[in-house]
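Novice: Give me the fold of what follows.
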Amino acid sequence: MINALSTAATGLEAQQANIERISSDLANANTDAYKRSRTEFQDLMYQTQKEAGGSLGASTQTPVGIQTGMGVKVGASHKIFEQGPARMTYHDYDVMIEGRGFLPVQLQNGEVAYTRNGAFHLDGQGRLQLSNGAQLVPQITVPAEAQKISIGQNGLVKATMANMSEVTLGQIQLVSFVNEEGLTAVGESLYKASLGSGAPIQGIPGENGLGALQQGALEGSNVNVANSMVEMITTQRAYEMGTKVMGVADQMWGATVNIK
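Specialist: Numbers count the residues shown, from 1 in each chain. Modelled structure (predicted):
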């Protein structure tokens, strides 16, 4: 009975991790460029009481063995980088990535991070940056006399000046990774490269498999609320079953102890 208690406890821990992941997804259902997560489970080690193929006599072998599972554990938890829905903002400095890729930004501590949230603003010097202060890399500065800003699908940024002349301000570049699921999420819709993701591969939007840019739009969260609600109910039922197993195992153990 003690094995049953510990095995059921691992199930409760696994379902707790699952409900925490679901709650985070639902909380960010309206967060721009948020990517839903996926939790993968793995069974634990097995206690083998009889090996399959063991001898039953002089010339007979057992076709199957006896193994007892020890429970479950969380094997992995990672982001699903499916394209989110487009949300039109008609703001000149908002850009959405249609397809693969990330926007490189420099954090205030000098580190480079990557994001799909293209809600840019101008700072006091006319530089494009996110609301958390992370600046676009390579840096693009919009002159004060610019009347209109246009961002092409290839990331080319142009400004229409007061005299109606057009000047090129810079080129927005995108970054891809061999294994996007290996990126480390650090919050604020930012990711950092890891050994699992591989090194960043920089390129021009629309080329070499990278997505194109759309000005005046943002990518919405890819969380499917209906699916998450179904997962939540399923997880709740699994947790309840785990507590019932622990209760039954405890009763059976108590009955065994009270035998006189």
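Novice: going forward, measure contacts between C-alpha atoms and count neighbours the same way
Specialist: OK.
Novice: which SS class is Val245?
Specialist: helix (DSSP: H, G, I helix; E, B strand; the rest coil).
Novice: Next: the one 3 residues further on.
Specialist: The three-state label for Val248, taken from three-state DSSP, comes out as helix.
Novice: Show the model's pLDDT score for it.
Specialist: Val248 carries a pLDDT value of 88.
Novice: how close does it sit to Pro205?
Specialist: 59 Å (Cα to Cα, to the nearest Å).
Novice: Just the C-alphas of stretch 10-27, formatted as CSV.
Specialist: In CSV, the C-alpha atoms belonging to stretch 10-27 read as follows (Å, rounded to 0.1, in the frame of the first residue of the first chain):
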residue,chain,number,x,y,z
THR,A,10,3.6,11.6,-8.2
GLY,A,11,0.4,11.8,-10.1
LEU,A,12,-0.8,14.7,-8.0
GLU,A,13,2.4,16.6,-8.5
ALA,A,14,2.2,16.0,-12.3
GLN,A,15,-1.4,17.3,-12.5
GLN,A,16,-0.4,20.3,-10.3
ALA,A,17,2.3,21.2,-12.8
ASN,A,18,-0.3,20.8,-15.6
ILE,A,19,-2.9,23.0,-14.0
GLU,A,20,-0.2,25.7,-13.4
ARG,A,21,0.7,25.6,-17.1
ILE,A,22,-3.0,25.9,-18.1
SER,A,23,-3.6,28.8,-15.7
SER,A,24,-0.6,30.7,-17.2
ASP,A,25,-1.9,30.1,-20.7
LEU,A,26,-5.4,31.3,-19.8
ALA,A,27,-4.0,34.4,-17.9
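Novice: Determine how far it lies from the middle of the whole chain.
Specialist: Averaging C-alpha positions (Cα atoms, centre = their mean, to the nearest Å) puts stretch 10-27 14 Å from its chain's average.
Novice: got a list of contacts for that stretch?
Specialist: 36-39, 41, 71-74, 223, 225, 228, 231-232, 235-236, 238-239, 242-243 (Cα atoms under 8 Å, 6 or more residues apart in numbering).
Novice: So in terms of bridging, what pairs with the residue positioned nearest the centre of the chain?
Specialist: Residue closest to the average C-alpha location in the chain (Cα atoms, centre = their mean): Lys79, at 2.0 Å. Counting by DSSP bridges, Lys79 is bridged to Ser37.
Novice: for it, what are its contacts?
Specialist: Lys79 neighbours (Cα under 8 Å, 6+ apart): 35-38, 181.
Novice: ranges for the helices of this protein?
Specialist: 2-27, 225-257 (DSSP state H).
Novice: Selecting buried members of the contacts of stretch 10-27 in ChimeraX, what would you type?
Specialist: Buried members of the contacts of stretch 10-27, defined by 16 or more other Cα atoms under 10 Å, are picked up in ChimeraX with:
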select :36,37,39,71,72,73,74,223,228,232,235,236,238,239,242,243
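Novice: ok so, going back, what about the residue nearest to the centre of the chain, distance to Ala33?
Specialist: 12 Å.
Novice: how far does the helix or strand of the chain with the lowest mean pLDDT sit from the chain's center?
Specialist: Every helix and strand in the chain was compared by mean pLDDT, DSSP states H and E; the lowest is strand 46-50, with a mean of 80. Distance, stretch centre to chain centre, for strand 46-50: 37 Å (Cα atoms, centre = their mean).
Novice: Mind listing residues that contact it?
Specialist: Under Cα under 8 Å, 6+ apart, the answer for strand 46-50 is 65-70.
Novice: now, the most widely separated pair of those?
Specialist: Gly65 and Met70 (16.1 Å; Cα to Cα).
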